[in-house]
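Engineer: Test case, fold it:
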Amino acid sequence: MHMLNKIRQYHKDYPDREAFFSIIGMHFPEGGADYRLIEDAYELGKEAFRGIYREGNGERYFEHLRRVALMILLHLRVIDAEIIAASLLHDLVEDIDYWTHQKVSIRFSSRTGELVWWVSKPPKSNFDDNKEKRNHFFHHRLAEAPREPLIIKLPDRLDNNMNMWGLDTEKQIRKVEETKNFYLPLAEKHIILIHEMEDALKENEERFL
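Structural biologist: The predicted structure is shown next:
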């Protein structure tokens, strides 16, 4: 569990905008195009999810977005402005009706929009609100995705697994099974967060015994 504690510490060490951009400024010149791209994504993500809170634990939703970005930057050591920007926007298209990946592409860059598209489930209306069919389609698409979107999606899933204690037990068990059966093999395929995912699964499974 040492790695999970390390990941949790990132959020404690960089809990606000000033601290977050102190790290960004170490890798990208302030005022430069990359810095401004991340800054714009940070502000948009924060504003778009204002007043929205996480199911179960009730925390401000934006904390999840920032944790995923910190995990990518500090734990995976991915110094790529568009990936970091997309991580701050990764739930935007799926959860905020106004936004589409086309709008993200226009506002940010075509690559940022494409990364967000890969990690966003398609609209529920495409599947007549059938959650199982929608998830099956999304998993099939992720299984064929290039590596870069998984640099966002696997930290997203790991953070969800590390912060789902407020959900009802049935939902937690369902997420653990989905992570074990689909996301862990995906992590193994792309060699991203394998041991961290295993530790999170172990940590969650121990709570159900």
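Engineer: C-alpha from now on. contacts and neighbour counts both.
Structural biologist: Noted.
Engineer: Not counting its neighbours along the chain, what's nearest the residue minimising distance to the centre of the chain?
Structural biologist: Nearest to the geometric centre of the chain sits residue 156, at 2.9 Å (CA atoms, centre = their mean). Distances taken as CA to CA, 6 or more residues apart in numbering put residue 68 closest to residue 156, at 5.7 Å, once the chain neighbours are dropped.
Engineer: host element of the one you found?
Structural biologist: Element membership of residue 68, judged by DSSP states H and E, is helix 62-70.
Engineer: For that helix, buried residues please.
Structural biologist: With burial defined by 16 or more other CA atoms under 10 Å, the residues of helix 62-70 counted as buried are 62-70.
Engineer: Ok, stretch 177-188 next?
Structural biologist: Using 16+ other CA under 10 Å as the test for burial, stretch 177-188 gives 179, 183-184, 186-187.
Engineer: can you check stretch 148-160 too?
Structural biologist: 149-159.
Engineer: cool, stretch 119-132 as well?
Structural biologist: 119-122.
Engineer: any idea which of the residues you listed is closest to residue 192?
Structural biologist: Nearest to residue 192 among these, counting by CA to CA, is residue 119 at 15.4 Å.
Engineer: so where does the residue lying closest to that closest one once chain neighbours are set aside fall, helix or strand?
Structural biologist: Computed as CA to CA, 6+ apart, the closest residue to residue 119 that is not its neighbour in sequence is residue 153, at 6.0 Å. Counting by DSSP H and E, the element that carries residue 153 is helix 147-162.
Engineer: The protein: helices as residue ranges?
Structural biologist: Assigned by DSSP state H, the helices in the chain fall at 2-13, 17-27, 33-48, 62-70, 81-88, 92-95, 101-107, 110-118, 131-143, 147-162, 169-178, 184-190, 194-208.
Engineer: of all those, which lies closest to residue 54?
Structural biologist: Closest among these, using CA to CA: helix 62-70, at 8.4 Å.
Engineer: What average pLDDT does that closest one get?
Structural biologist: Helix 62-70 shows a mean pLDDT of 97.
Engineer: Any figure for the gap between the closest residue to residue 155 other than its chain neighbours and residue 89?
Structural biologist: The shortest distance from residue 155 to any non-neighbouring residue, by CA to CA, 6+ apart, is to residue 68 (5.8 Å). The gap separating residue 68 from residue 89 is 10 Å, by CA to CA, to the nearest Å.
Engineer: go on, residue 43?
Structural biologist: 10 Å.
Engineer: Residue 109 now?
Structural biologist: On the measure of CA to CA, residue 109 and residue 89 end up 12 Å apart.
Engineer: Between these two, point out the one with more neighbours.
Structural biologist: residue 89 (27 against 16; other CA atoms under 10 Å).
Engineer: Need phi/psi at that one.
Structural biologist: phi -120, psi 10 (degrees, to the nearest 10).
Engineer: and of the buried residues of stretch 177-188, the nearest to residue 22?
Structural biologist: Once CA to CA is applied, the member of those that ends up nearest residue 22 is residue 187, at 29.6 Å.
Engineer: and the closest one, what is it in contact with?
Structural biologist: When contacts are counted by CA atoms under 8 Å, 6 or more residues apart in numbering, residue 187 touches 154, 193-194, 197.
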